[in-house]
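Peer 1: All I have is the shape, not the residue letters:
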């Protein structure tokens, strides 16, 4: 295998999600459970709720409760720098979470995983961004699921990022 093929293989390994769905509710959590996944980590903004929303929808609250009844341990892992926002969402869902995770860098998430004894190979990360959520999960050798963002109205920087993600 030449250098170019090796480089392409590495890029695929880092940027190719394990699965892609339109919305979180389309994920086949039963199959994930059968495959040995025991932990689900959700991104918050544009994955579970729009950045402008203050409360998680009843649909997602019901989903989180169903996952907990199935036996999954559920966490939130967000790059949002507002402790207040992520804490409020965690309280609504009665789960733990990490704010200002600095995804795709693994240090904060790895420390969070050690604190809560999360087995990363048995974990799925669900998010709307290739360059943060999917890259983080793949870097940690976890399962990654890319969903479409709930809100397509983006800042210029997010627009450029999304265009690059589409290119990849």
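Peer 2: Everything's here; your move. Bear in mind the structure is a predicted one, so any value in this text is a computation, not a measurement. Numbering: from 1, shown residues only.
Peer 1: low-confidence ranges in this protein?
Peer 2: 1, 153-168 (pLDDT under 70).
Peer 1: let's see it at 90
Peer 2: Across the chain, the ranges flagged by pLDDT under 90 are 1-15, 51, 151-168.
Peer 1: That one: strands as residue ranges?
Peer 2: 19-21, 39-42, 73-77, 96-98, 123-127, 143-147 (DSSP state E).
Peer 1: List the contacts of stretch 43-57.
Peer 2: For stretch 43-57, contacts defined as Cβ atoms under 8 Å, 6 or more residues apart in numbering pick out 24, 42, 60, 64, 76-80, 85-86, 88-89, 92-93, 97, 125-129, 132-133, 147, 149-151. Where C-beta positions appear, they are placed from N, C-alpha and C, glycine not excepted.
Peer 1: which of these are buried?
Peer 2: Neighbour counting by 16 or more other Cβ atoms under 10 Å classes 24, 42, 60, 64, 76-80, 85-86, 89, 93, 97, 125-129, 132-133, 147, 149-150 among the contacts of stretch 43-57 as buried.
Peer 1: check contacts around residue 119.
Peer 2: Neighbour list for residue 119: 38-39 [criterion: Cβ under 8 Å, 6+ apart].
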